[in-house]
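Colleague: Structure for the following, please:
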Amino acid sequence: MLAACRPSAAPPAPSASAPATSSTPPASASAAQPGADEASRCRAHVAAATVEPPAPACRPSPVALVALESLVGRPSPRHPKPSARVELGTIPAAQRPQPAVFVGLGRRSFWRVLDAALPAELAAPVEAVLEAERRLREAAQAAARLERAAEDCAGAPDERCQCVTAAVAEHRATAEARRREQRALRERARAAVEDVVRSAGAAPSPAALTVLGELAWAESSDDAGLEAQPDLAPAREAFARAAAFAPPATALGWIARYDLGLLAREAGDDAAARAALAPLAALPAAPAEIGHGLDVELWLGELATSSAEALAHFERAASTSGTVEAEVVAGVASFSLMQRAYAAGELARAVAAGARLAAFTSGCEEERGDYRPELGAIAGRALDRLGPGVAAGARAAPLAIGADAFPDVALGVAEAALERGDVEAATHAWRALLDASPTSWLAPRALVALAAERRRAGDATAATALETELARSYGPGSPWAELHRARLARPGASSPPPPPALPARDPGVGELGERLRSLASELVSACAARTGAPAGAEVELTVAPAQDGLATVGARALGSAPAELASCARELGRSWLRGVPLAARATVSVLP
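Modeller: Next comes the predicted model:
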């Protein structure tokens, strides 16, 4: 959508060499203007509150890698014979997860291309809109920063807070006045562009058509109320006409198709969005004036109709590097790749994508987002579902992740193991966390969990010893507490953390059945996403413990269900369904 391509110049910083001024004005000045100093100080307070903070310049910091194989031990046969045989009936399984939400990267390069190609008579009105939008953005950002400053004051009586609070209404009014100015200029510019397009007859300028689409898109977004849907048809028509006059390998053709694809997606027409963006992805490279163009792969990944197609697009986007913008694309793609790969049962691929995501955010969590909780939940669960396949060396290259993200993944493995009722596997992950990252923020959680597990097992002596170690190594005054002093001071921080919810030592058949129902539903969901099995497809599963500590899984496709659905369930099920001492049979049905 319409956005100014020229960043505004920042005000000059105060010079350190500027001559100092006396803090005490002449008596005559004070007498003549008794409120001058107060007004000057107030303006200074307001100006300081509205100053834009410097843009973060963050580069990921290299960290040591920790092998993930240490989190998953080899299985041990704990229940060679089933303790019960049950019929679980029909289990619903979702077909595939909702796609992740991705907000497109800003494209300043677009307006450089359009400015150079516009007919001369349109340069002035379009430039006026861009300048008005820049002024509006500055005013809106200043008002928002001032409002946050006023909220932080919370009614404090000091001079600064009184000045800031009193200035909020004035800045809101300034932003609203600039919004009206920008809309009026945009309407005049749109009328001028429409005149030029009409006068060109059968051969309008692709640049003019693209600008017309941008103006119409922005106007429709402004006109739409909270309940109404914006009228996107004029903008879509303009972009489609521009694309018809410029091939995708040209800068103007690339921009028109990119905008058309994003606008079609906003309108809910995913097929049209794919049709517009696919020619751009098929090019050997984006036109030089555009830049890397790799966020097209991200959009196509979100729009893909199959997991295999989505994973291929995300993989390509995640493999780029070289510029800050390309690294942002790669980081976002790694997150989406991790999500979709896990959902499709591509477990090793999900863990590898998680490792890339950890490298992208390491040391840059404040600027790029702290994805470690999601990383732990998804990559940790993927590692647990992989199970002995990792420890047995099923991969040609070992999986590894940055030491700063390793504790989150370790806790994710432990939580996933507890979902299966496998306290032994969870204990293994907690110990691995303490061995690899004893000073991490999450280390006390592992020690608390180990103490709780010993109490659950009836070993009070060992539990007490672990609790004593917890107080000595992670309590107030410890080196760990000093290392994390700032984080411990935040509201809601707790040390030690509460113990995990451990399952009953001897679960009943009903609890085992519910656990197996949940795991079977998740398994068939992954296989449906991987194989593209349609809604309504059914597979009959038979599950029993095996002598090697895994699971014996039989799967039979029912009705018109594809045979690949059953093959996938058999392949993934041995590790996915391991650890439940229950022989069972169930029919799992894929939901839309």
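Colleague: Below-threshold pLDDT in the stretch 301-450 of the chain: ranges please.
Modeller: 388-398 (pLDDT under 70).
Colleague: For Met338, grab the count of nearby residues.
Modeller: 29 (other C-beta atoms under 10 Å). C-beta coordinates here come from the backbone N, C-alpha and C atoms, glycine included.
Colleague: and the gap between it and Glu374?
Modeller: Using C-beta to C-beta, to the nearest Å, Met338 is found at 8 Å from Glu374.
Colleague: Also Ala463?
Modeller: For Ala463 relative to Glu374 (C-beta to C-beta), the value is 32 Å.
Colleague: Phi and psi next, for Leu434.
Modeller: According to degrees, to the nearest 10, the main-chain angles of Leu434 amount to phi -70, psi -30.
Colleague: looking at it, it is touching Val448, isn't it?
Modeller: No - Leu434 is not in contact with Val448 according to C-beta atoms under 8 Å; the separation is 11.1 Å.
Colleague: hey, where'd the helices end up in the stretch 151-300 of the chain?
Modeller: 159-199, 206-223, 233-245, 251-266, 270-281, 295-303 (DSSP state H, counting those that start in this stretch).
Colleague: where in this structure is pLDDT low?
Modeller: Using pLDDT under 70, the chain drops low at 1-36, 54-63, 73-84, 95-109, 155, 223-228, 292, 388-398, 494-496, 503-506.
Colleague: Spell out the residue ranges of the strands in it.
Modeller: 65-67, 85-94, 400-402, 538-545, 551-558, 583-591 (DSSP state E).
Colleague: For the first one, name the packing helices and strands.
Modeller: To tie it back to what came earlier, the one meant is strand 65-67. Counting by 3 or more C-beta pairs under 8 Å, 6 or more residues apart in numbering; DSSP states H and E, the packing neighbours recorded for strand 65-67 are strand 400-402.
Colleague: try the longest one
Modeller: Judged by 3+ C-beta pairs under 8 Å, 6+ apart, the packing partners of strand 85-94 are helix 509-531, strand 583-591.
Colleague: Would you work out how far apart the start and end of stretch 312-326 are?
Modeller: One end of stretch 312-326 to the other measures 17 Å (C-alpha to C-alpha, to the nearest Å).
Colleague: With stretch 312-325 instead?
Modeller: Start-to-end span of stretch 312-325 (C-alpha to C-alpha) is 20 Å.
Colleague: what does stretch 299-313 give?
Modeller: 9 Å.
Colleague: ok, and for it, which residues are buried?
Modeller: Under the neighbour-count criterion of 16 or more other C-beta atoms under 10 Å, stretch 299-313 has 299-304, 307, 310-313 buried.
Colleague: can you check stretch 272-285 too?
Modeller: Residues of stretch 272-285 classed as buried: 272-274, 276-277, 279-281 (neighbour count, 16+ other C-beta under 10 Å).
Colleague: which other residues reach it?
Modeller: With contact meaning C-beta atoms under 8 Å, 6 or more residues apart in numbering, stretch 272-285 is reached by 243, 248-249, 254, 257-258, 260-262, 264-265, 286, 293, 296-297, 299-300, 303, 313.
Colleague: residues near the nearest residue to Arg585 once chain neighbours are set aside, how many?
Modeller: Excluding the flanking residues, the one nearest Arg585 by C-beta to C-beta, 6 or more residues apart in numbering is Thr542, at 4.9 Å. Applying other C-beta under 10 Å, we find 14 other residues in the vicinity of Thr542.
Colleague: show me the contacts for Thr542.
Modeller: Counting by C-beta under 8 Å, 6+ apart, Thr542 has contacts 553-555, 583-585.
Colleague: Now compare those residues and name the two farthest from each other.
Modeller: Across those, no pair lies farther apart than Ala555 and Ala583, at 15.0 Å, counting by C-beta to C-beta.
Colleague: These two: who's more crowded?
Modeller: Per other C-beta under 10 Å, whichever of Ala555 and Ala583 has more neighbours is Ala555, with 23 against 17.
Colleague: what's near enough to touch that one?
Modeller: Residues near Ala555 by C-beta under 8 Å, 6+ apart: 539-542, 565-567, 569-570, 573.
Colleague: What residues are bridge-paired with it?
Modeller: Leu541 (DSSP bridges).
Colleague: quick one: it from Ala233, how far?
Modeller: Distance from Ala555 to Ala233, by C-beta to C-beta: 48 Å.
Colleague: Could you do Val580 as well?
Modeller: For Val580 relative to Ala233 (C-beta to C-beta), the value is 55 Å.
Colleague: Kindly report the same for Ala446.
Modeller: Counting by C-beta to C-beta, the gap from Ala446 to Ala233 is 57 Å.
Colleague: Who has more neighbours out of those two?
Modeller: Set side by side, Ala446 and Ala233 show more neighbours around Ala446, with 27 against 12, by other C-beta under 10 Å.
Colleague: That one contacts His428, correct?
Modeller: No - the pair Ala446 / His428 is not scored as a contact, 11.1 Å apart, by C-beta under 8 Å.
Colleague: residues shared between the contacts of those two?
Modeller: Counting by C-beta under 8 Å, 6+ apart, Ala446 and His428 have no shared contacts at all.
Colleague: which of the contacts of Ala555 lies closest to Trp111?
Modeller: Proximity of these to Trp111 (C-beta to C-beta) peaks at Leu565, which lies at 49.1 Å.
Colleague: so what's the closest one up against?
Modeller: So Leu565 contacts 524, 527-528, 531, 533, 537, 539, 555, 557, 590 (C-beta under 8 Å, 6+ apart).
Colleague: before we move on, back to that, mind putting the helices and strands packed on strand 85-94 in a markdown table, distance to Ala154 included?
Modeller: Shown next, in a markdown table, are these (distance: least, C-beta to C-beta, whole Å):
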| stretch | distance to Ala154 |
| --- | --- |
| helix 509-531 | 45 |
| strand 583-591 | 48 |
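Colleague: Thanks a lot, see you next time.
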